[in-house]
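*Asks:* With the input below, show me the fold.
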Amino acid sequence: MSVARAQREISAREFAEWIAYDRIEPIGRERDDWRAVFLATMLANIHRAKNKRPYRLKDFWPRWDTTEPDEDELARKVKATMTALQAYFDR
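*Replies:* Have a look, this model is predicted:
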């Protein structure tokens, strides 16, 4: 949808609600990144050597900038994504 069409079809309040929702449950590319990070971590841990430390989510987070990802925030977002997926499949 173009910006012009969106401005014609949704109110400023609805737009603000979508922004708030996206902060809780990311939509689009960021959500895809979370899924990929979770799956990469899980697969790496399944196949790692027994004497090697477990991989962590931040080991696979894309380095788009120089800031280090917060491990607790990564875990929270992955948990929220997995909860949303579970709710989707349970319906």
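*Asks:* buried ones in stretch 17-28?
*Replies:* Neighbour-count burial for stretch 17-28 flags residue 26 (criterion: 16 or more other CB atoms under 10 Å). For glycine as for every other residue, the C-beta is placed from the backbone atoms N, C-alpha and C.
*Asks:* For the protein, which segments count as helices?
*Replies:* 3-9, 12-24, 29-47, 71-90 (DSSP state H).
*Asks:* Looking at those helices, which one is packed in the most?
*Replies:* helix 29-47 (a mean of 14; mean count of other CB atoms under 10 Å).
*Asks:* Turn the helices of the chain into TSV, including mean pLDDT and distance to residue 53.
*Replies:* As requested, the helices of the chain are exported to TSV (pLDDT from 0 to 100; distance: least, CB to CB, whole Å):
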stretch	mean pLDDT	distance to residue 53
helix 3-9	83	47
helix 12-24	82	32
helix 29-47	87	10
helix 71-90	76	14
